[in-house]
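A.B. asks: Sharing a sequence plus its predicted fold:
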Amino acid sequence: MPEPVTWAPSAGEALKRLKGRLFATTTETAAILHHDPRTIRKAVDAGEIPSVRVGATRRIPVSWITEQARLDAAAGGGPEAA
């Protein structure tokens, strides 16, 4: 399994890295959804994005990310999540 990234990959690259994984980092989520990682962390802290705590970090379910990416793509705003 690939290591989580701490830099911002392209949305397509980040989606490929999530194959077979259950959770993603806030940085990966930000790259896929085209938001700043700080915005994602604030939304997680506010309970707007589902997450689980892993040590001191939060991880976001890949199922939620791919659904949001599909909704974004259907609206014409982002990459296909196929």
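C.D. replies: Good, I have the coordinates.
A.B. asks: Name the spans of the protein whose pLDDT lies under the cut-off.
C.D. replies: In the predicted model, the chain carries pLDDT under 70 at residues 1-10, 77-82.
A.B. asks: List the buried residues of the longest strand belonging to it.
C.D. replies: The residue-count maximum for a strand in the chain (DSSP state E) belongs to strand 57-61. Residues of strand 57-61 classed as buried by neighbour count (16 or more other C-beta atoms under 10 Å): 58-61. Yep, even glycine has a C-beta here, placed from its N, CA and C like the rest.
A.B. asks: And for it, what's in contact with it?
C.D. replies: 22-26, 29, 40-41, 44, 49-53 (C-beta atoms under 8 Å, 6 or more residues apart in numbering).
A.B. asks: nearest to residue 72, of the buried residues of strand 57-61?
C.D. replies: residue 60 (14.8 Å; C-beta to C-beta).
A.B. asks: Okay, and the beta partners of the closest one?
C.D. replies: residue 24 (DSSP bridges).
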